[in-house]
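Chemist: With the input below, show me the fold.
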Amino acid sequence: MVKALIIADDLTGALDSSVAFAERGMRVVVALDPSHLEGALGLEPDVLAVSTGSREMSGDEAGAVVGSVCEIVGRFPGILMKKVDSRLKGPIAAEVDVLSVNVPRPVLAAPAIPRLDRFVVDGAVTGAGVTDPIDVAAVLNRPVDIPDIRSDDDFDKILPDDLEGTLLVGAAGLAEAIARKLVPLPPARHRPVLAAPVLAAIGSRDPVTLRQIAALDMDAIVIAPNGAVSKVEVQPLVIVRLTEGKEAIAPREAEKRFSGDICALVEELKPATLFACGGESAAAILRRLGVGLLELKGEALPGIPVSRALDGPVGLVVVTKSGGFGEPDALVRLFGGFSVTAKDIDNAPGSIAPGPAR
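Modeler: Numbers count the residues shown, from 1 in each chain. Below you'll find the predicted structure:
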């Protein structure tokens, strides 16, 4: 039986929030979009996360997508979390409105992430990356409980005993607190050993990612101007980076070309591990590969989830990173941690045997 359902507005959000449960030994499946939700439910994981891809949608569009999730899960009796961006980007009010109609519960909003120095104080998001305090109630446009959150201890104190009786709205910090409450004493776990050969597709142009790229051996990186990937040599680690081309084209067109060429490389190189950096890039590549369901196995590094494809190229190890996340040496550390075996991923606690979605 699914104990917790996380509805996120993008893929990296679904992965980043649900990985806390995998790290505590729970079985976690992520559906790339609502069309794969029934197949995910059939696998009966402990925790199910779904991406609605609604971050950039209008309120009406986002509400309709969240409504389609509600049609599939009904009045979900377990823990229900609406994962939101910690700076409250996107049509959050419309999404929470639809959830509240379909699953009537009091709303607790706690979008803080204390480990990233992002807090909730006096009803507003403050801290790192927040120029002016963001009024949570004004964004949600509804009566809502907004506790002050300055630490993980604060999270642990404010969570209700009856998690199933509250609509929980927040980011990774809230998900981590829920995971701690469900599994107070997690089993000992080892970082997954990631298998070579590796294909790394870096589609993000976020300044954080650019600093991480600068720490790598630049001569080893294949440049993809406007998303077009040239011929690459077969190596244990192939890194391809999306860059601007000589001619300006729409970002969506570059992303489309990039995801198509990366999929062609997957067919050609047959990598054991695919690393995708940038939420839009990761989602586009996985969709074109025919991946609809991922099983989360843990983290390669803090904030860098490791999954295994349950459909499409079944068994492919997928490592993802949000463009704006990580220390300057994150990619150096990640690419230095690949091995010739993925047995630790296969044998991780709570594994679901890969196979066609049901």
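Chemist: can you pull the buried residues of the lengthiest helix in the chain?
Modeler: For the chain, the helix with the greatest residue count under DSSP state H is helix 251-269. Judged by neighbour count (16 or more other C-beta atoms under 10 Å), helix 251-269 contains these buried residues: 254-255, 257-263, 265-266, 269. Backbone N, C-alpha and C define where each C-beta goes, glycine included.
Chemist: same check, this time on stretch 17-35
Modeler: Neighbour-count burial for stretch 17-35 flags 17-34 (criterion: 16+ other C-beta under 10 Å).
Chemist: Ok, stretch 38-54 next?
Modeler: 39-41, 43, 45-54.
Chemist: Among these, list the two that are farthest apart in space.
Modeler: Greatest spacing in those, by C-beta to C-beta: D46 and S54 (24.8 Å).
Chemist: Quick check: closest non-adjacent residue to Q235.
Modeler: If the residues on either side of it in the chain are set aside, Q235 comes closest to P197, at 7.3 Å by C-beta to C-beta, 6 or more residues apart in numbering.
Chemist: A112 too?
Modeler: A112 sits nearest to I149 (C-beta to C-beta, 6+ apart), 3.7 Å away.
Chemist: what is that neighbour paired to in the beta sheet?
Modeler: Going by DSSP bridges, I149 is paired in beta bridges with V120.
Chemist: thought it was touching D117?
Modeler: No. Using C-beta atoms under 8 Å, I149 is not in contact with D117, being 11.9 Å away.
Chemist: Looking at these two, which has the bigger crowd around it?
Modeler: I149 (25 against 13; other C-beta atoms under 10 Å).
Chemist: that older thread, got JSON lines for the buried residues of stretch 38-54, with pLDDT, distance to D10 and secondary structure too?
Modeler: Formatted as JSON lines, the buried residues of stretch 38-54 follow (pLDDT from 0 to 100; distance: C-beta to C-beta, whole Å; DSSP: H, G, I helix; E, B strand; the rest coil):
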{"residue": "G39", "pLDDT": "95", "distance to D10": "20", "secondary structure": "helix"}
{"residue": "A40", "pLDDT": "96", "distance to D10": "17", "secondary structure": "helix"}
{"residue": "L41", "pLDDT": "96", "distance to D10": "21", "secondary structure": "helix"}
{"residue": "L43", "pLDDT": "96", "distance to D10": "22", "secondary structure": "coil"}
{"residue": "P45", "pLDDT": "97", "distance to D10": "20", "secondary structure": "coil"}
{"residue": "D46", "pLDDT": "98", "distance to D10": "22", "secondary structure": "coil"}
{"residue": "V47", "pLDDT": "98", "distance to D10": "18", "secondary structure": "strand"}
{"residue": "L48", "pLDDT": "98", "distance to D10": "16", "secondary structure": "strand"}
{"residue": "A49", "pLDDT": "98", "distance to D10": "11", "secondary structure": "strand"}
{"residue": "V50", "pLDDT": "97", "distance to D10": "11", "secondary structure": "strand"}
{"residue": "S51", "pLDDT": "96", "distance to D10": "6", "secondary structure": "strand"}
{"residue": "T52", "pLDDT": "96", "distance to D10": "8", "secondary structure": "coil"}
{"residue": "G53", "pLDDT": "93", "distance to D10": "6", "secondary structure": "coil"}
{"residue": "S54", "pLDDT": "94", "distance to D10": "8", "secondary structure": "coil"}
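Chemist: and the residues you listed as JSON lines, adding distance to P192?
Modeler: Below are the buried residues of stretch 38-54 laid out as JSON lines (distance: C-beta to C-beta, whole Å):
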{"residue": "G39", "distance to P192": "24"}
{"residue": "A40", "distance to P192": "21"}
{"residue": "L41", "distance to P192": "25"}
{"residue": "L43", "distance to P192": "20"}
{"residue": "P45", "distance to P192": "18"}
{"residue": "D46", "distance to P192": "18"}
{"residue": "V47", "distance to P192": "18"}
{"residue": "L48", "distance to P192": "21"}
{"residue": "A49", "distance to P192": "18"}
{"residue": "V50", "distance to P192": "23"}
{"residue": "S51", "distance to P192": "22"}
{"residue": "T52", "distance to P192": "27"}
{"residue": "G53", "distance to P192": "26"}
{"residue": "S54", "distance to P192": "30"}
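Chemist: Could you name the helices and strands sitting against the lengthiest strand in the chain?
Modeler: Determined from DSSP state E, the single longest strand within the chain is strand 293-301. With contacts taken as 3 or more C-beta pairs under 8 Å, 6 or more residues apart in numbering; DSSP states H and E, strand 293-301 sits against helix 11-22, strand 28-31, strand 304-309, helix 330-335.
Chemist: Show me what the helix or strand following the third one is in contact with.
Modeler: The one in question is strand 304-309. Next helix or strand after strand 304-309 toward the C-terminus (DSSP states H and E): strand 317-321. Outside of strand 317-321, the residues within contact range by C-beta atoms under 8 Å, 6 or more residues apart in numbering are 11-12, 15, 192, 194-195, 209, 272-279, 282, 286, 291, 294, 300, 303-309, 330, 334, 342, 345.
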